[in-house]
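J.: predicted coordinates and the sequence they were generated for:
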Amino acid sequence: MLRSILSSAAVLVVALAALLAGCGSAPPVSPSRDGVHPQTPRNLERTPDAEPRVEPIRAGGPNKPYEALGRRYVPLEGDQPLREMGLASWYGVKFHGRQTSSGEPYDMFAMTAAHPYMPIPSYARVRNPRNGREVIVRVNDRGPFVPGRVIDLSYTAALKLDLLSGVAPVEVQRLTFDDIRNGRWRRDDAGGDDPRARELLP
């Protein structure tokens, strides 16, 4: 009888240990606060800018009018130029791996950005007037939805612009298809045909 009780107790201990081990291997919960990824790669400042390509602007989907935080937004239609100045923010580990408005997973280490009404997908030049640094990003998400903020950058894009310390003023220019085809997206603005400018049409 005692041997049977001890055997049952041993089985219970093993089962409990297995349960605890299973809990320990469960996927981590998404952080409640945004910030830097604990496994941030080195030398992210050397990450190449997004390479502009002529990508068809999607009808509907992420380009439909929408509401966020009680405000209505109407995305631009077609290949329209856009220049604006305002505040830039950035988003990181809290959203890393989550689905963006384009349906792609957000990669905080890529050169991407979110914009409230720029067509998706788009490419944009973002300049930090404080230090003159510029980057090219691919807009594939919506946001930010705070008054005065014009663009929400990936962690890497903000790093390259030296904007990780907080919200800061930027200049934003959407690159039109003509800008891309003629190579005007390059930093030297030399123009002319650029072999790296590719066109993706249906």
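T.: Ah, there it is. Just so it is clear, the model here is predicted, and its values are computed rather than measured.

J.: can you give me the strands in the protein?
T.: Per DSSP state E, the chain carries strands over the ranges 53-54, 66-68, 71-73, 82-91, 112-114, 122-128, 133-141, 149-154, 168-175, 198-199.

J.: closest to residue 101 out of the ones you listed?
T.: strand 133-141 (4.9 Å; CB to CB). For glycine as for every other residue, the C-beta is placed from the backbone atoms N, C-alpha and C.

J.: who are the packing partners of that closest one?
T.: strand 112-114, strand 122-128, strand 149-154, helix 155-161 (3 or more CB pairs under 8 Å, 6 or more residues apart in numbering; DSSP states H and E).

J.: quick check: angle from the second one to strand 149-154?
T.: An angle of 100 degrees separates the directions of strand 122-128 and strand 149-154 when computed by axes from the mean of the first three to the mean of the last three CA atoms, to 10 degrees.

J.: name the strands paired with strand 122-128 and say parallel or antiparallel.
T.: Using DSSP bridges, the strands paired with strand 122-128 in its sheet are strand 133-141 (antiparallel), strand 168-175 (antiparallel).

J.: where in the protein is pLDDT low?
T.: 1-40, 187-202 (pLDDT under 70).

J.: any idea which of the helices and strands packed on strand 133-141 is most buried?
T.: Among the helices and strands packed on strand 133-141, strand 112-114 has the highest mean neighbour count (mean count of other CB atoms under 10 Å), at a mean of 27.

J.: sweet, I'm off.
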